[in-house]
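Make a model of this:
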Amino acid sequence: MNRRISQVFSLLALAGFFIFSIGLAQANEISHLSGSFKVVQKTDLGGKTRVRLELQLSNSGPSDLLVQRLTLVRSLHPDKGAHRACSLTVHPGASLSTTQEFTMPRSAYSQWSRGKHATVLVAVENPRGRKAIEVVRLNRISGGKAD
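Numbers count the residues shown, from 1 in each chain. Sure thing, here's the model as predicted:
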């Protein structure tokens, strides 16, 4: 009886690993974004800070990417980030410049602004309808607004 349970468990684990591997391969079909940012305006709103960023997104992939949402995060937890719905198309081999505003707690902005990089979770969709969330590490462009 125990051997039978062990065999079933092994088959389930193998099937799970296979499904997980397929998911990773499909995610890699989309993952081609990189970028940079510059702070163009910062406004204190009491306990919150509104920051306007000029973002440059580059698509090194073979197909268009429709950007549906941007989430500026200081960690990889989206609930701790500042969200921004958008509708942008980044063509293959091209870059796109956009200006977006994010509002976040002042303490989060203080921690975030000390770094040379920003992390953005980008909700994208490719022409075949496949959706993914990409983690894009943006490099800071010098010449942005000082804190």
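
And the nearest residue to residue 140 once chain neighbours are set aside, its phi and psi?
Computed as CB to CB, 6 or more residues apart in numbering, the closest residue to residue 140 that is not its neighbour in sequence is residue 116, at 5.1 Å. Any C-beta I mention is one placed from the backbone N, CA and C, and that applies to glycine too. In terms of degrees, to the nearest 10, the main-chain angles of residue 116 are phi -90, psi -10.

again, but for residue 112
Torsion angles at residue 112 (phi, psi; degrees, to the nearest 10) stand at phi -70, psi -40.

Likewise for residue 111?
Per degrees, to the nearest 10, the residue geometry at residue 111, taken as phi and psi, is phi -70, psi -40.

Now do the strands in this structure.
Taking DSSP state E, the strands of the chain run over residues 33-45, 48-59, 65-73, 82-90, 94-105, 117-125, 131-140.

Direction included, what does the first one pair against?
Right, the one you point to is strand 33-45. strand 48-59 (antiparallel), strand 131-140 (parallel) (DSSP bridges).

Check what contacts the shortest one and list those residues.
This means strand 131-140. Among residues not part of strand 131-140, those counted as contacts by CB atoms under 8 Å, 6 or more residues apart in numbering are 27, 30-31, 33-38, 55, 57, 68, 76, 115-125.

Please repeat the previous calculation with a cut-off of 7 Å.
Contact partners of strand 131-140, identified using CB atoms under 7 Å, 6 or more residues apart in numbering, comprise 27, 30-31, 33-37, 55, 76, 116-125.

One more: the first one?
Applying CB under 7 Å, 6+ apart, the set of residues contacting strand 48-59 from outside is 32-43, 65, 90-106, 109, 138.

which of the residues you listed are buried?
For those, burial is judged from neighbour counts taken by 16 or more other CB atoms under 10 Å, and it is met by 32-33, 35-39, 42, 65, 90, 96, 100, 102, 104, 109, 138.

I'd like to know which of those is nearest to residue 72.
Each of the buried ones among the contacts of strand 48-59 was checked against residue 72 using CB to CB; the closest is residue 102, at 4.7 Å.

for the nearest residue to residue 123 once chain neighbours are set aside, what are its contacts?
Setting aside the residues directly before and after it, residue 123 is nearest to residue 69 in space (CB to CB, 6+ apart), at 4.0 Å. Applying CB under 7 Å, 6+ apart to residue 69 gives the contacts 83, 84, 85, 86, 123.

Many thanks, have a good one.
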